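Asks: Everything below, folded, please.
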Amino acid sequence: MSEASSICVSVIVPAYNASATIGQELEALSQQNCFQPFEVIVVDDGSSDNTAEIVRSFASVKYVRQDNAGPASARNHGARLARGEFLAFTDSDCIPHKDWISQLMAGFSHPQVGVVAGSYGIANPESWLARGIHTEILWRHSHLMPDFSNSFGSYNFCVKKNVFEAVGGFNSWYRFASGEDNDISYKIRGAGWRIYFQRKALVDHYHPSLVVKYLKEQFRHGFWRVKMYRDHPRMMRGDGYTYWKDILEMPWAVFCLTAMALTAVGGLGWGCAGLIILFSFLLFEIVWAVIMLRSFFDGIFFGFVLLFRAFARMFGFSTGILSLLLNKT
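Replies: Purely as a prediction, here's the structure:
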């Protein structure tokens, strides 16, 4: 990290109760093989653990605290303090590879690029759930994401500061980590800038290792997607991260619930129909997971997770629609 006055890159990390991982991240940032002078800014989003103590043990890191307002707000706070011409963002549970900043900066050699986005490594491969989540993400990145995408994730990207400011930064109305990165992606693309997907720019991420936590996250994603689609209706057709399976799963989950609910008024026949639809849904997810993970037993377990995830997203999306109709979003 550099104390030079001519900072090129400002690395901004929003942190909330991040004591378990923030030390590893900052240590990794201190070992960057980067020729450009850079600074690191950690915005503590009202943590109640010892995040502050850990961050302050890194003398070259700028620490700032705000009342809890969500990661979008914390990133905007860091951007306002940044001295760099480029803003690099990652999350507090990510461990950047040594060439992370250099790989991101290399992507700006392409004309009209306003954002360079990177990909994932995995920090907790001992968890079968984390391995499944990670494998699916890499499948999407390798099979779906083109070199020039229309979206990126907030866990790993670098943006020109003037581009970030021109689109108004992150929408802090997104109170939790869900949808705010899609929102700014679409605004940047709408302003005419290109998003380059730099596959070599990697951060190792601690993916969820508890199924309940993962499903809660997916419910939240479904909920906030309603607002995102309201603000960007053209993106309802999907972006570079979405594929036909994502579009199919939600109505399939609705069909399952509808058929089983009709059992009360339509008799056993509807209940059997619901079970058949549910079983076919589960079988589809298991087969998909086994093929994707190339592991029979991991595939069976992850297939069940994918099934429950579809219902979690569906319930989240339905709740988001209801909240929107009640003018609470």
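Asks: Helix, strand or coil: sort out residue 126 for me.
Replies: coil (DSSP: H, G, I helix; E, B strand; the rest coil).
Asks: Tell me which stretches of this protein form helices.
Replies: In the chain, the helices defined using DSSP state H lie at 22-30, 51-56, 71-81, 100-106, 128-143, 161-166, 180-190, 211-231, 244-261, 263-266, 268-293, 296-325.
Asks: For the last one, the averaged confidence score.
Replies: In other words, helix 296-325. Averaging pLDDT along helix 296-325 gives 94.
Asks: related to what we said a few turns ago, which one of the helices of the chain lies nearest to residue 9?
Replies: Minimum separation from residue 9 across these (C-beta to C-beta) falls at helix 100-106, 5.9 Å. C-beta: built from backbone N, CA, C; applies to glycine.
Asks: Give me the contacts around stretch 20-31.
Replies: 1, 11, 13, 15, 40, 42, 51, 54-55, 57-58, 60-61, 90, 92-98, 123, 206 (C-beta atoms under 8 Å, 6 or more residues apart in numbering).
Asks: let's go with 7 Å and repeat that
Replies: 1, 11, 13, 15, 40, 51, 54-55, 58, 61, 92-96, 98, 206 (C-beta atoms under 7 Å, 6 or more residues apart in numbering).
Asks: tally of neighbours for residue 53?
Replies: Counted by other C-beta atoms under 10 Å, the residues lying close to residue 53 total 10.
Asks: who's in contact with it?
Replies: Residue 53 touches nothing, counting by C-beta under 7 Å, 6+ apart.
Asks: same thing with residue 236?
Replies: Residue 236 neighbours (C-beta under 7 Å, 6+ apart): residue 229.
Asks: returning to that earlier point: confidence-wise, which of the helices of the chain is weakest overall?
Replies: Looking at the helices of the chain, the bottom one is helix 263-266 with a mean of 64.
Asks: Next, count neighbours for the residue nearest to residue 306 when sequence neighbours are not counted.
Replies: Spatial nearest neighbour of residue 306, excluding adjacent residues (C-beta to C-beta, 6 or more residues apart in numbering): residue 285 at 4.2 Å. Residue 285: 24 surrounding residues under other C-beta under 10 Å.
Asks: same deal with residue 241?
Replies: 18.
Asks: quick one on the thing from earlier: among the contacts of stretch 20-31, which ones are buried?
Replies: 1, 11, 13, 15, 40, 51, 54-55, 58, 61, 92-96, 206 (16 or more other C-beta atoms under 10 Å).
Asks: Out of the residues you listed, which sit inside strands?
Replies: 11, 13, 15, 40, 94-96 (DSSP state E).
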